[in-house]
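Chemist: Prediction below, plus the sequence it came from.
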Amino acid sequence: MHEADPPLLTIELDGLERLHRGKVRDLFRVGDDLLLVTSDRVSAFDVVMNEGVPGKGRVLNQVSAFWFDQLSRILPNHKITIDVDAMPDAVRRHARVLRGRSMLARRTRPLPVEFVVRGYLAGSGLAEYRATRSICGVQLPDGLAESSRLPEPILTPTTKEQAGHDRPITFDEMAKILGPERARETKAAALALYQAAHEIAEARGLLLADTKFEFGELNGRLIWIDEALTPDSSRYWAKAAWRPGVPQDPFDKQVLRNYLLGLKDWNKAPPAPTLPASIIETTAQRYRETARILMGHDVD
Ligand SMILES: Nc1ncnc2c1ncn2[C@@H]1O[C@H](COP(=O)(O)OP(=O)(O)OP(=O)(O)O)[C@@H](O)[C@H]1O
Ligand SMILES: [Mg+2]
């Protein structure tokens, strides 16, 4: 780790075409492939903070690579390598910026659905359950509390909107978008990936409350793309502290979220408030700790 390095907020790579800049990651074209570069930008309540969290990008990139490797027996994924020295020259030139935080990946045609899988009741799933006793058309039993484990994990897909918030959809709506066969295949894959990941994380002391998968198509084949079970796409809870009936703190962003919730004059819309150095440092430590727990070793 290079904790002393300043956080990387903007990524400029001479000679590479940027395809997309998301809240946290930048995508570049490398021939027929993609380079995904994870910055140290951090967002909470959908607002990107002005400050970065040093080392966070390396955590997310290496946690993704870990999960892609662990679960490749369940579904092929887009990862080619995260070893910058093994990447093409046009990329290697930027090794100093890219090392540890970038993944060369196969470029696919992304499916226009976000495959959310929930094993516990939290977030928007909890709100929908309270209103309707179901989530995305999946009927659930009475009497579940906030943070309860569901009888079995469920797929609660959403649309993938270009602008604005993603919209929850039922399996039948998903089948209209993807076709019945792709819908069945992706549902089975998402649930199998979740179950396997939950088992691995739980054995290491973290509960995987829910997560979001993305899939793409390449030559007609289904490929797991984007980020894999990172703290940005998933809720991890400390297993030892888990208690149904009350909200659980997300393991990584707990410190940052609690700080923001405690601000009386910030309404969770841009501009972001200024973060104290101690909050940033504790958040950075939490991200590293999550990675260490999952991977069994420190982030490079
Ligand atoms: N292997 C791949 N092939 C094609 N597209 C991919 C691949 N992996 C990821 N993507 C796409 O790249 C984009 C990554 O963007 P990113 O997650 O950084 O931002 P975003 O999802 O647009 O916005 P947000 O800031 O809300 O996350 C997504 O649209 C994702 O579907
Ligand atoms: Mg995204």
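Modeler: That came in fine, so what should we check first? Remember, it's a predicted structure, so these values are computed and weren't measured experimentally. Ligands and ions are numbered 1, 2, ... in the order given.
Chemist: burial count for the closest residue to A240 other than its chain neighbours?
Modeler: Nearest non-adjacent residue to A240, counting by C-beta to C-beta, 6 or more residues apart in numbering: G205, 6.7 Å away. Heads up, the C-betas are built off the backbone N, CA and C, glycines and all. For G205, the tally of surrounding residues (other C-beta atoms under 10 Å) stands at 13.
Chemist: tell me the SS of the nearest residue to L16 once chain neighbours are set aside?
Modeler: Taking C-beta to C-beta, 6+ apart, and ignoring the residues beside it in sequence, L16 has F28 as its nearest neighbour in space, at 4.2 Å. For F28, the assignment made with DSSP: H, G, I helix; E, B strand; the rest coil gives strand.
Chemist: One more: H20?
Modeler: Secondary structure assignment for H20 (three-state DSSP): strand.
Chemist: Run me through the strand neighbours of the helix or strand containing R235, direction for each.
Modeler: Secondary structure from DSSP states H and E places R235 in strand 234-238. According to DSSP bridges, strand 234-238 has the following sheet partners: strand 206-218 (antiparallel).
Chemist: so who does the residue nearest to A240 touch?
Modeler: The neighbourhood of G205, defined by C-beta atoms under 8 Å, 6 or more residues apart in numbering, consists of 238-240, 293.
Chemist: how near is it to ligand 1?
Modeler: To ligand 1, G205 is 27 Å away according to C-beta to the nearest ligand atom, to the nearest Å.
Chemist: can you pull the pLDDT of that residue?
Modeler: pLDDT for G205: 96.
Chemist: Number the residues from 309 up from this point.
Modeler: In the new count, where the first residue is 309, that last one comes out as G513.
Chemist: in this protein, what spans have low per-residue confidence?
Modeler: Within the chain, the stretches with pLDDT under 70 are 309-312.
Chemist: Show me which residues of this structure sit near ligand 1.
Modeler: Taking C-beta under 6 Å from any ligand atom, the part of the chain that reaches ligand 1 is made up of 328, 330-333, 335, 342, 386, 413-416, 418, 522, 524, 533-534.
Chemist: where along the chain do the helices fall?
Modeler: Ranges of helices within the chain are 364-378, 397-400, 403-406, 431-440, 479-486, 488-511, 562-569, 585-603, based on DSSP state H.
Chemist: just how off-centre is the fifth one within its chain?
Modeler: Looking back up the chat, that one is helix 479-486. Centroid displacement of helix 479-486 relative to its chain, using C-alpha atoms, centre = their mean, to the nearest Å, is 23 Å.
Chemist: Domain map for this protein?
Modeler: Listed domain ranges for the chain are 309-415, 418-549 (source: automatic domain parsing).
Chemist: Next, give phi and psi for the closest residue to ligand 1 within the chain.
Modeler: When scored by C-beta to the nearest ligand atom, the chain has G330 as its residue closest to ligand 1, at 2.0 Å. Main-chain torsions, G330, degrees, to the nearest 10: phi -90, psi -170.
Chemist: mind listing what the residue nearest to L324 touches?
Modeler: F336 makes contacts with 321, 324-327, 342-343, 345, as judged by C-beta under 8 Å, 6+ apart.
Chemist: of all those, which comes closest to R407?
Modeler: Proximity of the contacts of F336 to R407 (C-beta to C-beta) peaks at V345, which lies at 10.8 Å.
Chemist: for the closest one, which residues make a bridge with it?
Modeler: According to DSSP bridges, beta-bridge pairing links V345 with D334, S410.
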